[in-house]
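Peer 1: Structure of the sequence below:
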Amino acid sequence: QLQLVESGGGLVQPGGSLRLSCAASGFTLEHYTIGWFRQAPGKEREGVSCISSSGDNTSYADSVKGRFTISRDNAKNTVYLQMNSLKPEDTAVYYCARHVGGPMCVPPYDYWGQGTQVTVSS
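Peer 2: Down below sits the predicted model:
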């Protein structure tokens, strides 16, 4: 069964860090570009970052550039999102998704994880 499972979310103070993981099962992650997205209450889902299948190319939303780092370990079938200098506005449910193909990071994405909650608050 094809699955993406996110983990690593939690409650953190402003300025703190978290590392999210996106573990794949049922398919070989190294063949796919993977994206991270987030959705805050009352807001639309937004793209945060994505990484090419090889890991050579990455992309970030302006709001997280310089603070978040995406990486992947294809041997572990896992993609990571290191989040530093977290701000209250980073509070959201974070999702990873498998890119179908075409221009890097541009939708569509076909499989999504269930999400992991990140809350940044003092």
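
Peer 1: What pLDDT is listed against the spatially most central residue of the chain?
Peer 2: Central residue of the chain (C-alpha atoms, centre = their mean): Trp36, 2.6 Å from the mean position. Per-residue confidence (pLDDT) for Trp36: 98.

Peer 1: Would you state the strands of the protein in chain order?
Peer 2: For the chain, the strands defined by DSSP state E occupy 3-7, 10-12, 18-25, 34-39, 46-51, 58-60, 68-73, 78-83, 92-99, 109-112, 116-120.

Peer 1: which other helices and strands contact the fourth one?
Peer 2: Under the contact criterion of 3 or more C-beta pairs under 8 Å, 6 or more residues apart in numbering; DSSP states H and E, the helices and strands touching strand 34-39 comprise strand 18-25, strand 46-51, strand 78-83, strand 92-99. In this view, the C-beta of every residue, glycine as well, is placed from N, C-alpha and C.

Peer 1: OK, contacts around the nearest residue to Gln82 once chain neighbours are set aside?
Peer 2: Residue nearest to Gln82 in three dimensions, not counting chain neighbours: Thr69, with 4.4 Å by C-beta to C-beta, 6 or more residues apart in numbering. Shown in contact with Thr69 (C-beta atoms under 8 Å, 6 or more residues apart in numbering): Leu81, Gln82, Asn84.
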